[in-house]
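Visitor: sharing a sequence plus its predicted fold:
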Amino acid sequence: MNDASAPASVPVIECSQLTRTYSEGPETLTIFSDISLRVEPGETVAIVGSSGAGKTTLLNLLGGLDRPTSGHIRICGQDIHRLSEAGRAKFRSRNLGFVYQFHHLLPEFSALENVMMPCALAGMKPSQAAVKAESLLARVGLAERLKHKPGELSGGERQRVAIARALVNEPQCVLMDEPTGNLDEQTGAGIRALIEDLRDQSGTAFVMVTHDMTMARSLGRVLRLEQGRLVQEL
């Protein structure tokens with residue numbers, strides 16, 4: 001883990017009494033209210049629920065990409081909303097990784113260069129970043145595809161590159177928003193198996209929003225967001 005890592009006794013994510021509302025003219029729309037959640041180092045959590053339940057909104061709050069209307073969020077012991085915008089971005093880059101339904105790879109760069117990007121942003125030397133990125137791409141089964149650009153890769157391969165990019169700075173937690181939602185069943189199963197392997201090998205925590213119940217149940221703890229509340233799935 002990197003030098004900014006929190007001690008193992010500190011939760012990777014701890015939020016309390018989170019509420020998120022939006023104003024629509026004279027109306028106030030409550031997406032969810034009074035949500036509390038604790039994610040321990042190395043733990044895997046899946047968040048499920050119907051479309052429009054607020055799952056992505058919650059994930060954005062947990063990643064410091066949005067602010068709650070009320071409540072508190074601590075990542076690796078740090079209250080992220082006490083940081084400046086620049087400080088929050090730097091803290092996220094050191095402690096969190098992000099994977100989305102659509103890979104968001106830069107099309108003009110190779111797989112290797114895309115994975116190196118977070119290292120470069122963190123100030124790492126290019127030679128060191130290349131070694132880390134190449135090692136991770138090998139771990140996700142893409143050792144022979146380092147120089148290929150996203151347009152030359154399959155959907156599953158692009159998502160593997162995105163996962164490697166999320167892990168390259170050795171984050172405490174990876175937040176994933178429907179990582180198999182844009183893939184066919186067989187390719188999605190391969191990504192699911194990869195995530196399980198990486199979870200077991202790295203000790204990184206994973207929090208995933210997904211409609212894939214097979215994926216959700218493979219991760220361990222499953223929470224359902226419904227009617228603005230987060231409840232444990234049995």
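Guide: Here it is on my side, so go on.
Visitor: can you map out the helices along this structure?
Guide: 55-62, 85-95, 111-121, 126-139, 155-167, 185-202, 213-218 (DSSP state H).
Visitor: is it possible to get JSON lines of those helices that adds mean pLDDT and distance to Arg20?
Guide: Glycine gets a C-beta too; all of them are placed from N, C-alpha and C. Converted to JSON lines, these look like this (pLDDT from 0 to 100; distance: least, Cβ to Cβ, whole Å):
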{"stretch": "helix 55-62", "mean pLDDT": "88", "distance to Arg20": "6"}
{"stretch": "helix 85-95", "mean pLDDT": "84", "distance to Arg20": "17"}
{"stretch": "helix 111-121", "mean pLDDT": "89", "distance to Arg20": "27"}
{"stretch": "helix 126-139", "mean pLDDT": "89", "distance to Arg20": "34"}
{"stretch": "helix 155-167", "mean pLDDT": "88", "distance to Arg20": "24"}
{"stretch": "helix 185-202", "mean pLDDT": "77", "distance to Arg20": "27"}
{"stretch": "helix 213-218", "mean pLDDT": "80", "distance to Arg20": "22"}
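Visitor: quick check, central residue of this structure?
Guide: The centroid of the chain falls nearest to Leu175 when counting by Cα atoms, centre = their mean (1.5 Å).
Visitor: burial check on Ala129, number of neighbours?
Guide: 23 (other Cβ atoms under 10 Å).
Visitor: would you confirm that it contacts Gly123?
Guide: No. With contact defined as Cβ atoms under 8 Å, Ala129 and Gly123 do not form a contacting pair (9.8 Å).
Visitor: next one: the residue lying farthest from the centre of the chain, what pLDDT does it get?
Guide: Of all residues in the chain, Pro26 has its C-alpha farthest from the mean position, at 34.5 Å, by Cα atoms, centre = their mean. Pro26 carries a pLDDT value of 85.
Visitor: what do you get for Ile75?
Guide: 90.
Visitor: so how many other residues sit close to it?
Guide: Ile75 has 25 neighbouring residues, counting by other Cβ under 10 Å.
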